[in-house]
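>>> What would the 3D arrangement of this be:
(chains A, B, C and D)
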Protein chains: 2
Amino acid sequence: MTAPDRVLPAALAYSTENCTIGRAMAILGERWTFVVLREVFNGVRRFDDMARHAGIPRQVLSNRLAMLVEEGILRKEPYRPSGERVRHEYRLTRKGFDLYPVLLAVSRWGDTYLADPEGPPVELEHRGCGARVGLRMSCDAGHDIDELREVATRPGPGVRLLE
Amino acid sequence: MTAPDRVLPAALAYSTENCTIGRAMAILGERWTFVVLREVFNGVRRFDDMARHAGIPRQVLSNRLAMLVEEGILRKEPYRPSGERVRHEYRLTRKGFDLYPVLLAVSRWGDTYLADPEGPPVELEHRGCGARVGLRMSCDAGHDIDELREVATRPGPGVRLLE
DNA sequence: CACCCTAGGTCTGGTTGACAGACTCAGCAA
DNA sequence: TTGCTGAGTCTGTCAACCAGACCTAGGGTG
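The predicted model follows:
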């Protein structure tokens, strides 16, 4: 029960309204967005497969896919299975692939804190080596970072002062 | 326009209903949850500071904080600034701190794809070294992983077969 | 004492989103 | 002609979001 420091860190002198987390979560922060993405990363690319496999309400899936296409995270591609008419599948764009670390981070956190007692239902392994896949913090200079204390916040090039 | 493989990967023979991503997103996947967490990670711990600083509707903030406390991600602690009455602040639990990689991943993705042209408003640097902080995929055996292709999905201990 | 200020909420009401279940529609197949 | 299948849309209900006003307890001020 000690008094906290009321001195706000430097970053907080700036508006967070333009902070990218808010924008990112406006896209990613809907109940099913990540579930859809997990399906696509797992190779499920078709509407009915997703709806059936992940148990997403069809209307919601429809909305989510349309939004993800509009945001440039998925693209809708026609293809023709031999002897059938043209169908469509959803595939990841580069922007979509780059969400993999987010998905992985969420997945590891969920496995740690939300899995049933017996353990997580699905695991990701390093192909060949067999060890579990995870994320490590590091800086662009290559140093590993183990402690949150080693991370500092600084204003970036797009900073905007509070009025 | 090639036909996709309709053979679902091994993981998909199992229900994803119990997959932890779904559960995690039921908690994290709401418009403001991460924005609240970002504030707390930045050292903003009090109701009014969050509401003012991040522009969150007070009712929503109230709900979000209550939910995060109930989920064991935040805890509410009383403290008394000298000469004032008792107040409350929200602090991260261990479970909450472990969300940092998720926050960092979202933040880096947002900085890359959603920032204003001039760049992200805030950056995270390695204290001392000054380089930007990011995440690297690696396996528990210590190998770096650069390609998504190196990651394979396997059933985990808590797997549950589809009926 | 009466009044004001502040932190930390609640209350109200309109708008949007989630969701289940039924319906549609095009093209192939029998 | 009828049926099947993939990929949706339509309808109606219920919950969540959100802005803006309101409330309340404790301490300070005149």
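>>> Which phi and psi values does A:I27 adopt?
phi -90, psi -50 (degrees, to the nearest 10).
>>> Could you find the closest non-adjacent residue to it?
A:E71 (5.6 Å; CB to CB, 6 or more residues apart in numbering or on different chains). Where you see a C-beta, it was placed from the backbone N, CA and C, and this is true even at glycine.
>>> wait, isn't that neighbour in contact with A:A24?
No. Between A:E71 and A:A24 there is no contact under CB atoms under 8 Å: 10.4 Å.
>>> For A:V35, grab the count of nearby residues.
Neighbourhood size, A:V35 [other CB atoms under 10 Å in any protein chain shown]: 25.
>>> how far away is the residue nearest to A:I27 from DNA strand D?
Remark: distance between A:E71 and DNA strand D (CB to the nearest atom of the strand, to the nearest Å) = 16 Å.
>>> Distance of that residue relative to B:R80?
47 Å (CB to CB, to the nearest Å).
>>> Compare those two (neighbour count), which wins?
Between A:E71 and B:R80, counting by other CB under 10 Å, A:E71 is the more crowded of the two (17 against 12).
>>> just checking, A:A24 touches B:G110?
Yes. Counting by CB under 8 Å, B:G110 is a contact partner of A:A24 at 3.7 Å.
>>> Which residues are in contact with the residue positioned nearest the centre of chain A?
For chain A, A:V102 is the residue whose C-alpha lies nearest the centre (CA atoms, centre = their mean; 3.6 Å). Each residue near A:V102 by CB atoms under 8 Å, 6 or more residues apart in numbering or on different chains is listed here: A:28, A:34, B:102, B:105-106, B:109.
>>> can you list the residues of chain A near DNA strand C?
Along chain A, the residues adjacent to DNA strand C under the rule CB under 7 Å from any atom of the strand are A:30-32, A:57-60, A:63, A:83-85.
>>> Which of these fall within helices?
Within the residues of chain A next to DNA strand C, residues falling in helices by DSSP state H are A:58-60, A:63.
>>> So how do I select the buried members of those residues in ChimeraX?
Only the buried entries of these go into this ChimeraX selection, using 16 or more other CB atoms under 10 Å in any protein chain shown:
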select /A:60
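>>> can you redo the ones in helices among the residues of chain A next to DNA strand C as TSV with distance to B:E125 and pLDDT?
Converted to TSV, these look like this (distance: CB to CB, whole Å; pLDDT from 0 to 100):
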residue	distance to B:E125	pLDDT
A:R58	45	91
A:Q59	44	91
A:V60	39	91
A:N63	38	91
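>>> Just put the ones in helices among the residues of chain A next to DNA strand C in CSV and tack on distance to chain B.
Output for those, formatted as CSV (distance: CB to the nearest CB, whole Å):
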residue, distance to chain B
A:R58, 17
A:Q59, 17
A:V60, 12
A:N63, 14
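>>> out of the ones in helices among the residues of chain A next to DNA strand C, which touch DNA strand D?
A:58-59.
>>> Where do the strands of chain A begin and end?
A:74-79, A:87-92, A:122-126, A:133-139, A:151-155 (DSSP state E).
>>> Pull out the buried positions in the helix or strand of chain A with the lowest mean pLDDT.
Least confident helix or strand, chain A: helix A:20-28 with a mean of 83, by mean pLDDT, DSSP states H and E. Neighbour-count burial for helix A:20-28, counted by 16+ other CB under 10 Å, picks out A:20-25, A:27-28.
>>> Please identify which of the residues you listed is nearest to B:A115.
Ranked by distance to B:A115 (CB to CB), the buried residues of helix A:20-28 are led by A:T20 at 5.3 Å.
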